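J.: Attaching a predicted model along with its sequence, questions to come.
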Amino acid sequence: MSKYALLVGVSRYSDPDITDLNFAANDALDIGTCLRERCGFDEVQILATGGQLEPDLNNVVDALHNLAPRLSTDDLLLFFFAGHGIQTDQESYLLTSNSRIRMPQLTSVPSSVLANCLSAIPCRDRVLIFDACRNNPRAGRGDEDNVLTNEFSRDIMTVAETAVGEHVPTTFVLFSCRTGERAYEWPYVRHGAFSHYLIEGLRGDARDDQGRITIHSLGTYVQDRVPQWAQANRTPLPQVPWVQQQGALRDIVLVVGQPPPAPVQAPIAEAGNNLGQQTLQLTDTGVVHRGNNNWLTPQNNYDLHVGHPDGTRAPYRLTWSAAFPGGAWRCSPTIPTLLSRRGIAHHHLSGDTPCDVPVTVHQRWPAGQNPPPPPPPRPRGLSSPGMTIHSHLRRRLTAPMPRWLADFSEGMPFSAADFFESRIVYYPGAGSDGQPVKLFGSSHSTHCFIYVDYGIEQRQVKADLDHPQVGFAGYRCLARIRLTEADLVPHGWEPHIDFATPPEPRYSFASATFYGFLQILEREEDFDEEHGPKRLAIVFLGADGIATFDALFCQRTSIGVPFAVVLQDHGFGGNYDNFGGGGLLERIALSCNVLPRFLLVADNTNPWRGYVPIPGLGREYGGAGPHWRRLFQR
């Protein structure tokens, strides 16, 4: 028997009338990882926002049709969908990334089409999982409940009854909640609550007394854990996953295993116990072993913080797993990510050359149990007290990689239209300050940047980028494309400021010292999504930051407005005019109504008029100077 899976996660919708979701794509991606690595699936195809294939209507339907020739009558098919689902007078629909809420019949996957596709796929067993009842999909009502209706569940169960030939395969349907309930997202783990416990179950927590993971044991596990989570977090409605079965009344085995090992007879700490300052010794990049970590107790999980050189403190979780010889702890984010953020090379990490990392341990709790619940969520739009800028961007403002960047291959030319239609962080007087890329890039909120500075030579910029200790850690150069003024402003540009006596250096975009190039960065294989997106695009310009802003964004032919602008009036040296409040850059932006959504402002710089700091958001220390920086919004 072979095992096949098709997973769909839709976090972003092109229709402005459909509200986006936060973690549906994460759900599909991480469940896919579990199916490959833990459950031994032969083929796992993932259509997820920001992934290799966009979860649009054509891709989803094509993927379903293409399964038919691959499967045989002895195989298992698992279909997972995380996103919005709606029900009309005619039938129920799964909304894909290019669906239109006003005409779902033409732009979404009807339940009847799903049934037709399944009827053509020969298989012995089917598992259909739906996490499609979160918030209201209609824009403006994103905080309203979107409960699972009798009609939607009835249509899905009709799909489950679809025969292949004359026989109905053994089919399990897992809904994320019962009718009259809704599913909730869990920002603390960046997943839907239902999908989070699916992942934990597939990782081994749902094993039965024979060491197997079956649909019955997995369903029992999520039906036990999700309601406990909902009760602990005081959700407005309960959430109890719902499992239904059609066809032959037998279980489906996902993982064949041995009985779990007997628990290690070691003291198990109570949840919430604070262990304070410790040293975590790392000997390989995969898992954490006990070794000299005598403070780690088998059969326990841990939450801890690691201090980084820039003054930030990042959270990490160690999760006990008996799947490794003698047991070990998985680290989330990964160990390479932890080390890279501390500026430590990990390629030669071994038992002979361990690495000691100071940590602050906040709590431990027994493996297989829920961690102490996080505090109740604050009202939407507010950051929790002390939240870092990176955490705020990561939790609330993630965006998929621009299509042009995902499809880029070596030799392709620069397209100004594609680049300027993307989310861009603009940084005048940037020098070699990488902090904005760390904040906006690693948080997956922005993939494209423009760095402008006439005070740093091109050879120095390229030398910094190519230096293994100075460039962007965890990324390699995929392409470097030379840019001219005509590449960036093909229709030319006219200044909005008429100087009687132009300042020195001149208010000029392409002067005698002008240089420009686009660097495409690709994440190395040793690093995961926690480190940053798969690709980044950075334009480096040797030019005046004020004139360049005018030329790129303030012309009648300009495309788009920067997502964010970095403001620091004095970094490596003085500027002939302020970038911050009261300066020439603000005057141009206001007069042309080219106003970014955010400003990242250093403590030596005034924000522009109309911008206020985001409530409850902490400061970040770093950059040119360095300085404390705050995030402002309009």
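T.: Everything's here; your move. Source: prediction; values computed, not measured.
J.: Alpha carbons only: can I get stretch 289-306 in CSV?
T.: Coordinates of each C-alpha in stretch 289-306 appear next as CSV, following Å, rounded to 0.1, in the frame of the first residue of the first chain:
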residue,chain,number,x,y,z
HIS,A,289,20.5,15.5,24.0
ARG,A,290,20.7,15.3,27.8
GLY,A,291,24.5,14.8,27.9
ASN,A,292,25.8,17.5,30.2
ASN,A,293,22.4,19.2,30.3
ASN,A,294,21.7,17.7,33.8
TRP,A,295,19.0,20.3,34.4
LEU,A,296,16.9,18.7,31.6
THR,A,297,14.6,16.0,32.8
PRO,A,298,13.3,13.3,30.4
GLN,A,299,9.5,13.2,29.8
ASN,A,300,9.3,17.0,30.3
ASN,A,301,8.9,19.9,27.8
TYR,A,302,10.5,23.3,28.4
ASP,A,303,9.9,26.9,27.4
LEU,A,304,12.9,29.2,27.5
HIS,A,305,14.4,32.4,26.1
VAL,A,306,17.8,33.0,24.5
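J.: For that stretch, list every residue counted as buried.
T.: Taking 16 or more other Cβ atoms under 10 Å as the basis for neighbour counts, the residues of stretch 289-306 that come out buried are 289, 293, 296-304, 306. Every residue, glycine included, has its C-beta placed from N, CA and C.
J.: Ok, stretch 471-480 next?
T.: By neighbour count, with 16+ other Cβ under 10 Å as the criterion, the buried positions of stretch 471-480 are 471-475, 478-479.
J.: And for stretch 118-132?
T.: Of the residues in stretch 118-132, those scored as buried under the neighbour-count criterion (16+ other Cβ under 10 Å) are 118, 121-132.
J.: with the residues you listed in mind, which one is nearest to residue 238?
T.: The nearest member of the buried residues of stretch 118-132 to residue 238, counting by Cβ to Cβ, is residue 131 at 16.0 Å.
J.: For the closest one, report the pLDDT, please.
T.: At residue 131, the predicted lDDT confidence score is 91.
J.: now do residue 570
T.: The model reports residue 570 with a pLDDT of 61.
J.: Relative to the whole chain's centre, how far out is the host helix or strand of residue 172?
T.: With elements delineated by DSSP states H and E, residue 172 resides in strand 170-175, which encompasses its position. Using Cα atoms, centre = their mean, to the nearest Å, the distance from the centre of strand 170-175 to the centre of the chain it belongs to is 28 Å.
J.: ok, back up a step: nearest to residue 47, of the buried residues of stretch 471-480?
T.: Of these, the one sitting nearest to residue 47 (Cβ to Cβ) turns out to be residue 478, at 23.8 Å.
J.: secondary structure element for the closest one?
T.: Counting by DSSP H and E, the secondary-structure element that holds residue 478 is strand 475-482.
J.: Just the helices from the stretch 101-250 of the chain, written as ranges.
T.: Across the stretch 101-250 of the chain, reading from the start of the chain, the helices by DSSP state H, counting those that start in this stretch fall at 104-107, 111-119, 150-160, 193-200, 215-232.
J.: so of those, which one's packed in deepest?
T.: Among the helices of the stretch 101-250 of the chain, the stretch with the highest mean neighbour count (mean count of other Cβ atoms under 10 Å) is helix 193-200, at a mean of 26.
J.: which stretches of the stretch 451-600 of the chain have low pLDDT?
T.: Confidence mapping of the stretch 451-600 of the chain against pLDDT under 70 gives the ranges 468-470, 498-512, 570-576.
J.: and residue 190, how far is that from residue 84?
T.: In this structure, residue 190 lies at 18 Å from residue 84, with Cβ to Cβ, to the nearest Å as the measure.
J.: and what of residue 495?
T.: When residue 495 is compared with residue 84 (using Cβ to Cβ), they lie 47 Å apart.
J.: now residue 132
T.: Using Cβ to Cβ, one gets 6 Å for the distance from residue 132 to residue 84.
J.: For these two, list the residues in contact with both.
T.: For the pair residue 132 and residue 84, residues contacting each of them under the criterion Cβ atoms under 8 Å, 6 or more residues apart in numbering are residue 94.
J.: Name the residue in residue 495 and residue 84 with the higher neighbour count.
T.: residue 84 (28 against 17; other Cβ atoms under 10 Å).
J.: Out of the buried residues of stretch 118-132, list just those in strands.
T.: 125-131 (DSSP state E).
J.: can you redo those as a markdown table with distance to residue 215?
T.: Below are these laid out as a markdown table (distance: Cβ to Cβ, whole Å):
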| residue | distance to residue 215 |
| --- | --- |
| 125 | 9 |
| 126 | 10 |
| 127 | 6 |
| 128 | 11 |
| 129 | 10 |
| 130 | 14 |
| 131 | 16 |
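J.: ok, back up a step: widest-spaced pair of the buried residues of stretch 471-480?
T.: Across the buried residues of stretch 471-480, the two lying at the largest distance from each other (Cβ to Cβ) are 473 and 479, at 19.1 Å.
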